[in-house]
Each structure stands twice: as C-alpha cells, then as structure tokens.
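Trainee: dropping the sequence and predicted coords here.
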Amino acid sequence: MVRRNVCGPSDFSYPKTGASTDRIISLLEPAFNCLKDQSLYTKMTAPIDVKVKTREFNKYRTDSCTFVFQPSIVSVNGVITKFYSPGGFSQIWRSLIRRSGVRHRKSYQTRHTYACWMLSAGANPAFIATQMGHSSSKMVHDVYGAWMPENDQDQISLLNQKLNDSVPYVSPPSHNKGNIRLISNS
C-alpha cells in the first residue's frame with residue numbers, strides 16, 4: 001500500500017494526488033517473490049519514526065516505518081540517512097545502469113517501462129492507471145496508447161469464451177443455419 005513518498009533525504013510527503021494515497025499495489029509474482037526473499041533480511045529490523053509532510057501548509061505527522069531495504073547509513077549531499085532516498089538511490093542506479101550496459105535513463109522511467117510492458121501484454125488500462133496512481137485511464141490512453149496492441153482477434157476470442165460460458169444458446173437446426181435461438185431462463 002502506498003501511503004507516503006520519499007522526496008529527499010529524510011523528507012517524506014503524501015503522494016501528490018488523492019488517487020495515489022493509500023493505493024494498493026498488486027505485485028506480479030516475480031516482484032512479490034523478490035520482496036518476500038528480501039524480508040528475510042529486513043523484517044526484524046527496528047521501526048524508524050519518520051516525519052511526513054501533509055498537504056496542509058507546515059503540518060506534519062509521524063509514521064513508524066519498517067523499510068523493506070535497509071542500506072547502511074548513506075550520506076547524500078552531506079545529509080545522513082538510514083534509508084534509500086532519491087539522491088542516494090540515484091548513485092546506485094547509475095552504477096547498475098553502467099554495469100548492465102543499458103543506455104542511461106533515470107530510475108523514474110521504470111514507471112513508463114512498466115506501463116508499456118503491461119499494455120503490450122494486454123492488461124486493462126484502467127487496472128494500470130490504478131496501479132500507477134492515476135485517477136482514470138485517460139492518461140494511460142493518452143501517454144501510452146501507442147503501446148496498446150491491435151488485439152482485436154484476442155478480444156473476440158476472450159469475449160466468445162466469456163459469453164459462451166455465461167449465455168446459454170442452442171444451435172439452430174441444420175435447415176435454419178443463419179438463426180440462433182437463445183434459451184430464456186424466465
């Protein structure tokens with residue numbers, strides 16, 4: 001569940017939109033398994049109190065958080081922090097990108113990769129929008145529409161299967177091949 005954002009070393013805030021707040025993320029199996037494996041190392045660490053900036057000017061709340069990833073203390077621009085922050089993570093990200101041989105891109109662009117891969121796999125744009133914190137699927141259609149496959153035949157097959165399972169019909173007699181007779185439950 002997304003309840004807060006890390007927006008700098010030791011800086012936390014609410015997600016920027018109401019649709020993003022307390023949003024439940026449905027993880028794909030590989031991601032879930034990675035987090036489960038990681039929890040063996042971090043689930044017993046002591047919670048850390050963090051100050052979260054609310055949407056009201058100069059108002060804060062304190063949350064007790066146990067972080068999934070607990071790096072050793074990191075210094076980002078002279079600020080010491082016990083958890084990953086955008087500045088601290090970007091150092092690790094640059095190193096990983098360089099070692100992988102992938103052309104440089106910001107870690108934020110992984111959101112775009114996720115959306116494009118999900119659309120290419122045929123995921124529902126409304127589902128993707130809720131996962132990404134958008135209030136509607138309009139942004140997904142506008143920004144990632146080119147990644148939506150022309151899957152008319154897949155849609156027809158899916159609809160045929162769903163309708164065949166839920167709408168009973170009787171095949172017409174052989175002399176009346178063009179008409180389908182629906183069975184009424186009433």
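Mentor: The structure has been received and is ready for your questions. Numbers count the residues shown, from 1 in each chain.

Trainee: and the residue minimising distance to the centre of the chain, how far from D165?
Mentor: Geometric centre of the chain, nearest residue: Q131, 3.9 Å, by CA atoms, centre = their mean. Counting by CB to CB, to the nearest Å, the gap from Q131 to D165 is 27 Å. Any C-beta I mention is one placed from the backbone N, CA and C, and that applies to glycine too.

Trainee: equivalent analysis for Y144, please.
Mentor: 31 Å.

Trainee: higher neighbour count, these two?
Mentor: Per other CB atoms under 10 Å, whichever of Y144 and D165 has more neighbours is Y144, with 18 against 8.

Trainee: wait, what's in contact with the closest residue to the more buried one other than its chain neighbours?
Mentor: What sits nearest to Y144 in space, not counting adjacent residues and going by CB to CB, 6 or more residues apart in numbering, is A115, at 4.9 Å. If you count contacts by CB atoms under 8 Å, 6 or more residues apart in numbering, A115 has them with I128, M132, V140, V143, Y144, W147.

Trainee: and the first one, what's its pLDDT?
Mentor: The predicted structure scores I128 at 92 on the pLDDT scale.

Trainee: so what does the strand or helix carrying it touch, helix or strand wise?
Mentor: In this assignment (DSSP states H and E), I128 forms part of helix 125-132. Helices and strands touching helix 125-132, by 3 or more CB pairs under 8 Å, 6 or more residues apart in numbering; DSSP states H and E, are helix 110-120, helix 138-144.

Trainee: mind listing the strands for this structure?
Mentor: 5-8, 11-13, 48-53, 60-65, 74-76, 79-81, 169-170, 181-182 (DSSP state E).

Trainee: from the contacts of A115, which is closest to F57?
Mentor: Each of the contacts of A115 was scored against F57 by CB to CB, and M132 proved nearest at 27.3 Å.

Trainee: using CSV, list the CA coordinates for the helix holding I128.
Mentor: Provided in CSV are the C-alpha atoms of helix 125-132 (Å, rounded to 0.1, in the frame of the first residue of the first chain):
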residue,chain,number,x,y,z
PRO,A,125,-5.6,0.3,-19.0
ALA,A,126,-7.9,1.0,-16.0
PHE,A,127,-6.0,-1.5,-13.9
ILE,A,128,-2.7,0.0,-15.0
ALA,A,129,-4.0,3.5,-14.1
THR,A,130,-4.9,2.5,-10.6
GLN,A,131,-1.5,0.8,-10.1
MET,A,132,0.3,3.9,-11.2
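
Trainee: let me have the helices and strands packed on helix 125-132 in a markdown table, extended by mean pLDDT.
Mentor: Output for these, formatted as a markdown table (pLDDT from 0 to 100):
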| stretch | mean pLDDT |
| --- | --- |
| helix 110-120 | 87 |
| helix 138-144 | 89 |
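
Trainee: could you dump these to CSV with distance to R23?
Mentor: Formatted as CSV, the helices and strands packed on helix 125-132 follow (distance: least, CB to CB, whole Å):
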stretch, distance to R23
helix 110-120, 13
helix 138-144, 15
